[in-house]
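> Sharing a model that was predicted from the sequence below.
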Amino acid sequence: MVETEAPRRIVERNVSAGGRRAARGTYTLDVLPDGGSRVSFTYAWERAPLGDRLLAPLVRATMRRANRTVMRRLAAEVAAQAVTG
């Protein structure tokens, strides 16, 4: 984590490809009127090798599906914990 704004925002930064790839991921939590929460995730490259930039549409689609799956699993786990206490 490189930045937080509790309890609303968490920012992470990652570096890979020998330092040629750097990105930030931001999780934003919003309280919903029904008492639940909405978790949004934004991922942005700060720099990336040419190959990564060319594959960006495929990477975005893959990350979107993976994050959707993870958030559904998290929601199910939270709901199960709420029931069992």
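Yep, that arrived.

> buried residues in stretch 41-56?
48, 52 (16 or more other C-beta atoms under 10 Å). Yep, even glycine has a C-beta here, placed from its N, CA and C like the rest.

> can you give me the mean pLDDT across that stretch?
Average pLDDT, stretch 41-56: 93.

> Quick one: end-to-end distance for it.
End-to-end distance for stretch 41-56, by C-alpha to C-alpha, to the nearest Å: 17 Å.

> ok, residues contacting that stretch?
Contacts with stretch 41-56, where a contact means C-beta atoms under 8 Å, 6 or more residues apart in numbering, come from 17, 20-28, 59, 63, 67.

> can you put those in CSV and add secondary structure?
Converted to CSV, those look like this (DSSP: H, G, I helix; E, B strand; the rest coil):
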residue, secondary structure
Ala17, helix
Arg20, coil
Arg21, strand
Ala22, strand
Ala23, strand
Arg24, strand
Gly25, strand
Thr26, strand
Tyr27, strand
Thr28, strand
Val59, helix
Met63, helix
Asn67, helix
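
> Closest one to Glu77 out of the residues you listed, please.
Using C-beta to C-beta, Asn67 is the member of the contacts of stretch 41-56 that lies nearest Glu77, at 15.4 Å.
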